[in-house]
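J.: have a look at this prediction, sequence included:
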Protein chains: 2
Amino acid sequence: MTVFNMMEILAKEILDRHWDHLGMPCSCATCRNDVLALLLNALPPRYVSTEKGQMFVKAAALNEQFRVDLLQELYRAARAVAARPSHPLAGENGA
Amino acid sequence: MTVFNMMEILAKEILDRHWDHLGMPCSCATCRNDVLALLLNALPPRYVSTEKGQMFVKAAALNEQFRVDLLQELYRAARAVAARPSHPLAGENGA
């Protein structure tokens, strides 16, 4: 069975574009994945099973309010991971 | 970046187990994917970026109320696709 959550494309896109402005204490793959997972869990899934579905979701992504909400959720997810990274930061507890 | 929606595993599992009881007019891959996509869009995403996250979601899946909700959403998605398949059914309009 092949279905795909179009939100993954939009979330990765916005995360890549804004990563440098998020002021994250760490830019490792783990922290990026943690932010992406948190972001996707805060967004309504948009699974599609056909190309037609993909076009529909891409069109919705051009909606300005949608992009504002996406950015807001990105900053919320980034703050959460920055506050509690899933690994000790360099220089913390003698690391 | 590698994140994964654990809900996909649970949704595929319950769909495979109950497919024969759903009374679908068609069992083709397109109809199965359409039911799966609708089901996943009705469920809260559970993206994880670590094995630890996977274990957490698997534990949640043992919760009886969660499984009842999952089944309810499966039947809702199945009814929607049965009522409006994304392709003409065999025998319809001379097909």
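T.: Thanks, I have the structure now.
J.: buried ones in the lowest-mean-pLDDT helix or strand in chain A, by neighbour count?
T.: Lowest by mean pLDDT, DSSP states H and E among the helices and strands of chain A is helix A:51-61, with a mean of 74. Burial within helix A:51-61, assessed by neighbour count using 16 or more other CB atoms under 10 Å in any protein chain shown, is assigned to A:Gly53, A:Val57, A:Ala61. (Each C-beta comes from the backbone N, C-alpha and C, glycine too.)
J.: anything in it near chain B?
T.: Yes. Helix A:51-61 comes into contact with chain B (CB under 8 Å from any CB of the partner chain), by way of A:Gly53.
J.: buried residues, the helix or strand just after that helix. List them.
T.: Sequence-wise, the next helix or strand downstream of helix A:51-61 (DSSP states H and E) is helix A:64-83. Neighbour counts over helix A:64-83 (16+ other CB under 10 Å) mark A:Leu70, A:Glu73, A:Leu74, A:Ala77, A:Ala78, A:Val81, A:Ala82 as buried.
J.: quick one: distance of helix A:64-83 to the chain centre.
T.: Distance, stretch centre to chain centre, for helix A:64-83: 8 Å (CA atoms, centre = their mean, to the nearest Å).
J.: please apply the same query to stretch A:15-22.
T.: Worked out by CA atoms, centre = their mean, stretch A:15-22 lies 10 Å from the chain centre.
J.: that stretch spans what distance, first to last residue?
T.: From its first residue to its last, stretch A:15-22 covers 9 Å (CA to CA, to the nearest Å).
J.: residues contacting that stretch, please?
T.: A:Ser27, A:Arg32, A:Val35, A:Leu36, A:Leu39, A:Leu71, A:Leu74, A:Tyr75, A:Ala78, A:Ala82, B:Met1 (CB atoms under 8 Å, 6 or more residues apart in numbering or on different chains).
J.: list the buried residues of that stretch.
T.: Quick answer for stretch A:15-22 (16+ other CB under 10 Å): A:Leu15, A:Leu22.
J.: quick one: mean pLDDT for that stretch?
T.: Averaged across stretch A:15-22, pLDDT comes to 96.
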